[in-house]
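# no sequence on hand, only this structure:
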Ligand code: NDP
Ligand code: 8X3
């Protein structure tokens, strides 16, 4: 296991769920952190808490990954001690709606494509050149089982996560001689804010997604991300699928009443 002490990790979407759990897990490992999301009050609270708890250096930023200029400015204006980024975790993402394609709202499609695909590209584009120049770095994308297997009522969300998978594979090829690792962690059902966002705040529908089974937690995913980040430099965890035990595919679950 390679130590993360003193390494700088840039994480998107840290105010909830998987990104928040990754923030705490990497702080616990002694990494310095650039943490970002749109809800800056929550990003600031998390920054205060982890610097108190773990004594690591943290730089909180307000960032909407879907805004290319905002992403470039945020990365360009990082303070000197946070400029060299060793690990990028592309986590920010969302689902909007779970409807048959012909009954779905295209506004949600725009949000998903802008965040899950274009956002990931913008942040990667802003950070990768310094890694290429140094011939060192690691990018971990949070994909999804929805990026391996399409499911009904999820055409656009699944398309965005298939895009993440394609980008990850292609980037790995482009970087094969640059000593830069590119990994994707692809979870199934994880209990986070995801379903509440997908169902536009409908708590009942959100709860139903996890009914009758024990879903994964943000902490479970963070464990896998830390494992991926702490392998020796010659060892790339290229892809990892993580399921709750009661899930076997995007559509096959065992639920107790
Ligand atoms: P949450 O809703 O709990 O967290 C999503 C995070 O993304 C929030 O911190 C949110 O912060 C941030 N975010 C959303 N849009 C933007 C944006 N435009 N710019 C910056 N940050 C943004 O969901 P999860 O933790 O579950 O989701 C994290 C990732 O995991 C996503 O990519 C999701 O697709 C993926 N995933 C989730 C699974 C699940 O079952 N939960 C399974 C497989 C993959 P803010 O609103 O403050 O900007
Ligand atoms: C989120 C999990 O399979 O419900 O990626 O779309 S899923």
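Perfect, thanks for sending it. Here the structure is a predicted model, which is why all the values come from computation and not from measurement. Ligands and ions are numbered 1, 2, ... in the order given.
# so which bits of the stretch 101-250 of the chain are right by ligand 2?
The interface of the stretch 101-250 of the chain toward ligand 2, taken as Cβ under 6 Å from any ligand atom, is made up of 144-146, 154, 157, 188-189, 194, 250. From N, CA and C alone the C-beta is placed, and that goes for glycine too.
# filtering those by proximity to ligand 1, which remain?
Answer for these near ligand 1 (Cβ under 6 Å from any ligand atom): 144, 189, 194.
# so the top strand by length along the chain, near ligand 1 or not?
The longest strand of the chain (DSSP state E) is strand 180-187. Yes. Counting by Cβ under 6 Å from any ligand atom, ligand 1 has neighbours in strand 180-187: residue 187.
# what ranges do the helices span in this protein?
Per DSSP state H, the chain carries helices over the ranges 17-28, 40-54, 68-76, 106-112, 120-134, 155-174, 194-198, 203-208, 218-229.
# tabulate the ones you listed (CSV), appending mean neighbour count and mean pLDDT.
Listed next are those as CSV, based on neighbours: other Cβ atoms under 10 Å; pLDDT from 0 to 100:
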stretch, mean neighbour count, mean pLDDT
helix 17-28, 24, 98
helix 40-54, 16, 98
helix 68-76, 16, 98
helix 106-112, 16, 98
helix 120-134, 18, 98
helix 155-174, 18, 98
helix 194-198, 19, 98
helix 203-208, 12, 97
helix 218-229, 20, 98
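# so can I have TSV of those showing distance to residue 237?
Below are these laid out as TSV (distance: least, Cβ to Cβ, whole Å):
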stretch	distance to residue 237
helix 17-28	15
helix 40-54	24
helix 68-76	25
helix 106-112	26
helix 120-134	17
helix 155-174	12
helix 194-198	23
helix 203-208	30
helix 218-229	4
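# still on that earlier bit, strand partners of the longest strand of the chain, parallel vs antiparallel please.
Here strand 180-187 is paired, per DSSP bridges, with strand 137-142 (parallel), strand 239-242 (parallel).
# ok, and what's touching that strand?
By Cβ atoms under 8 Å, 6 or more residues apart in numbering, the residues outside strand 180-187 that reach it are 18, 128, 131-132, 135-145, 147-148, 161, 164-165, 168, 171-172, 175, 216, 221, 224-225, 228, 236-243.
# now, which of the ones next to ligand 1 among the residues of the stretch 101-250 of the chain next to ligand 2 sits nearest residue 60?
Proximity of those to residue 60 (Cβ to Cβ) peaks at residue 194, which lies at 22.2 Å.
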